[in-house]
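Undergrad: dropping the sequence and predicted coords here.
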Amino acid sequence: MTITTVDALTTSADGTRIAFDLTGPARGLAPAVVVIDGVLAHRMPVTLAVASELGDRVTTLRYDRRGRGGSGDTPPYSVDREVDDIAALLQVTGPAVLLGISTGAFLALRAAADLGSVVTGVLCFEPGYDVASGASPADPRMIAGVEACVEAGDPGSAVELFLDVVGMPCRLVPRMRASASWADLESMAPTIAYDGRVLAGVALGRRALMCRWDLITQP
């Protein structure tokens with residue numbers, strides 16, 4: 001059986017256009033999964049391969065988070081707006097499982113707490129945080145440092161700063177800069193701070209996610 005992937009757009013609550021693709025059966029004919037990417041990623045080839053492997057058993061929606069790929073962006077950024085984006089995508093799929101990758105896992109958990117039964121389950125793949133610690137998982141450089149680089153018109157330095165945050169050896173950065181993917185990483189540089197705010201929202205602020213674990217009743 002040939003499994004096709006269809007590209008489309010939807011509109012979030014604030015008017016931002018969100019680009020996505022659908023692989024598998026039409027709405028209502030199979031369980032649905034919405035994939036939420038982590039830092040500096042959008043619709044990765046590996047998730048398309050998984051979607052194709054799931055074939056006619058699962059409808060898989062992959063999307064470009066705001067500020068990435070084919071999606072728009074509307075300032076000011078807030079985590080609530082990203083949850084609104086997911087809500088708009090769930091209007092496309094109907095009730096669905098959220099698959100959150102890396103920092104996207106925390107966004108998936110936040111959406112599960114906020115959106116209720118339209119989220120039928122959450123899969124968290126490699127969210128880097130010890131929830132028992134109670135500390136913020138966000139490195140301040142992912143917000144203030146990245147935003148300073150972007151405002152100075154230097155997205156490359158913003159990407160380098162993030163690579164330092166995650167522990168990439170300095171000797172590998174020139175190789176990264178020379179790669180074909182570097183321009184794409186620079187185009188997404190402002191969104192590194194968005195993920196920083198998602199991480200900060202796990203343990204900090206009035207609506208901190210870790211104070212709302214009990215709202216997440218989905219498996």
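TA: Structure received.

Undergrad: give the helix, strand or coil label for residue 10.
TA: strand (DSSP: H, G, I helix; E, B strand; the rest coil).

Undergrad: so what are the domain limits for the chain?
TA: Per the record, the chain has its domains at 5-132, 140-195, by automatic domain parsing.

Undergrad: mean pLDDT added to those domains, as TSV?
TA: Output for the domains of the chain, formatted as TSV (pLDDT from 0 to 100):
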stretch	mean pLDDT
domain 5-132	94
domain 140-195	95
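
Undergrad: most tightly surrounded among these?
TA: Of these, the one with the most neighbours on average (mean count of other CB atoms under 10 Å) is domain 5-132, at a mean of 18. Where you see a C-beta, it was placed from the backbone N, CA and C, and this is true even at glycine.

Undergrad: quick one, strands of the protein?
TA: Taking DSSP state E as the criterion, the chain carries its strands at 5-11, 17-23, 32-36, 59-63, 96-101, 119-125.

Undergrad: angle of the fifth one against strand 119-125?
TA: Regarding strand 96-101 and strand 119-125, their directions subtend 20 degrees when assessed with axes from the mean of the first three to the mean of the last three CA atoms, to 10 degrees.

Undergrad: now the fourth one
TA: Per the same axes, to 10 degrees, the angle that strand 59-63 makes with strand 119-125 is 60 degrees.

Undergrad: show me what strand 59-63 is packed up against.
TA: strand 17-23, strand 32-36, helix 45-54, helix 79-93 (3 or more CB pairs under 8 Å, 6 or more residues apart in numbering; DSSP states H and E).

Undergrad: run the chain-centre distance for the last one.
TA: Right, the one you point to is helix 79-93. Relative to its chain's centre, helix 79-93 lies at 11 Å (CA atoms, centre = their mean, to the nearest Å).

Undergrad: now do the third one
TA: Using CA atoms, centre = their mean, we find the averaged C-alpha position of helix 45-54 to lie 17 Å away from the chain's own average C-alpha position.

Undergrad: residues touching that helix, excluding its own?
TA: The contact list for helix 45-54 (CB atoms under 8 Å, 6 or more residues apart in numbering) reads 3, 5, 21, 23-24, 33, 35, 37, 58, 60, 62, 101.

Undergrad: repeat that for 6 Å
TA: 3, 23, 35, 60, 62 (CB atoms under 6 Å, 6 or more residues apart in numbering).

Undergrad: try the shortest one
TA: Counting by CB under 6 Å, 6+ apart, the neighbours of strand 32-36 from elsewhere in the structure are 47, 58-62, 89, 93, 96-100, 104, 107-108.

Undergrad: separation between residue 198 and residue 38?
TA: 9 Å (CB to CB, to the nearest Å).

Undergrad: again, but for residue 82
TA: Computed as CB to CB, the residue 82 to residue 38 distance reads 13 Å.

Undergrad: again with residue 91
TA: The spacing between residue 91 and residue 38, counted by CB to CB, is 24 Å.
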